[in-house]
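>>> pasted the sequence and its predicted model underneath.
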Amino acid sequence: MSKNRYKRPLIASSAAAALLGTAALVAPTATSANAAVDTTPVKVCLTGTTSTTNEVNVTLPKVAVEPVLQSTPSYLGPCAAYGTPSALGNGNVRTYAQQDATGKPLSIGFVFPKTTLQNLPTTMTDQHHCFDINGNGVIDEHTECMGGHERPLDLPAALTGSSGIPYKWALLNFNSMGHGPEGIYDTPHFDFHFYVQPKAERDAIRPGPCALAINCEDFATATEPVPAPYLPAGYVDNGVAEVAMGNHLIDQSSPEWHGTPFTQTFIYGAYDAKISFLEPMITKAYFDGLVSGTNPNACFPIPQPQAWQVSGYYPKNYCIKYRANRGDFTVSMENYQHS
């Protein structure tokens, strides 16, 4: 008998156990005198009490949702599809996507356990992208290498196989000492890139002596102005084009440019006069604050252009969350509209 015949019963048993536990937890609330019970249906990806791998889509009354999330590693919304994990720190990082029945994205992001924040690299970069800018025959890791410690990631096949999805792949960079400009982004942080540009094109952005260790011809291509309708208001080109990445367009209305210490911000990437990636940038300290309760789970608006050069689903918010019942973080783009 094939193993596949056992898979669904195992998942169903896990789900049933969680539901039975939930019923017991919810019963006092539901039967208390004059209690108003909210039975609004809510979609939940249900797991067993300990498993984070066996998942099943269910719809629960709203009154039952919080007890389920407190007693199991379940989570809101449809069950996610996942990309291939890549090791980092004492954990890993991978992409995920939640979509509705039509294939419309609800949440696309990165997910990683809190152990990923332990034993992170301490060197400036992994030296994948370096160039001897001053020609002295010695590579200075601090000034002639870029990209921090990078983890290229595939997106879930269920996502990239759906129509209207402009994203090709994802890239995580951990910057153990931050990066320039000095006094702005020079603190340990993560860069979460969602690429519209194909990976092969990104990989072809060569090292060289211009700007951030980029080939001078590629620097010229990277800094070609994005036409105004496709550039969100307030974003400017500071000439920070980088090897194996492209240009970074900065929102100078962000608090870190006005005396407030950097915690999180949103960057647009560009190459050859086109938006090439969307990038939340978040400090390690911000994630530590989510675990301690100093920082709340939150979503932030993404400044929008008038139009997009590539049609498809684009987000209006990015979200940073810690899921205590799963012991993991998500960094996601949400609230999608088709353009």
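Looks like it arrived, so ask away. Numbering: from 1, shown residues only.
>>> can you count the residues close to the residue lying closest to residue 257 once chain neighbours are set aside?
Sequence neighbours aside, residue 184 is the residue nearest to residue 257 in space, at 6.9 Å (criterion: Cβ to Cβ, 6 or more residues apart in numbering). In short, each C-beta sits where N, CA and C put it, glycine included. Close neighbours of residue 184, defined as other Cβ atoms under 10 Å, add up to 16.
>>> shouldn't residue 162 be within a helix?
No - assigned with DSSP: H, G, I helix; E, B strand; the rest coil, residue 162 falls outside any helix and is coil.
>>> and it, how far from residue 267?
26 Å (Cβ to Cβ, to the nearest Å).
>>> the residue nearest to residue 257 looks like it's in a strand, true?
No - membership of residue 184 in a strand is not supported by three-state DSSP, which gives coil.
>>> name the element residue 64 belongs to?
Assigned by DSSP states H and E, residue 64 belongs to helix 62-71.
>>> residue 162 and residue 267: which is more packed in?
Neighbours were counted for residue 162 and for residue 267 using other Cβ under 10 Å; residue 267 has more, 21 against 17.
>>> domain ranges for this structure, per the record?
4-76, 81-338 (automatic domain parsing).
>>> worst mean pLDDT among those domains?
The weakest mean pLDDT among the domains of the chain belongs to domain 4-76, with a mean of 71.
>>> hmm, back to that, pick the most buried one from the domains of the chain.
domain 81-338 (a mean of 18; mean count of other Cβ atoms under 10 Å).
>>> my guess is residue 118 meets residue 284, correct?
No - counting by Cβ atoms under 8 Å, residue 118 stays clear of residue 284, with 10.9 Å between them.
>>> who does the helix or strand following the helix holding residue 64 touch, helix- and strand-wise?
As assigned by DSSP H and E, the chain's next helix or strand after helix 62-71 is strand 75-76. Other elements packing on strand 75-76 under the criterion 3 or more Cβ pairs under 8 Å, 6 or more residues apart in numbering; DSSP states H and E are strand 41-46, helix 62-71.
>>> quick revisit: helices or strands up against the helix holding residue 64?
By 3+ Cβ pairs under 8 Å, 6+ apart, helix 62-71 packs against helix 4-31, strand 41-46, strand 75-76.
>>> run the angle between it and strand 41-46 for me.
20 degrees (axes from the mean of the first three to the mean of the last three Cα atoms, to 10 degrees).
>>> need the distance between the two termini of stretch 299-319.
Across stretch 299-319, the terminal residues are separated by 4 Å (Cα to Cα, to the nearest Å).
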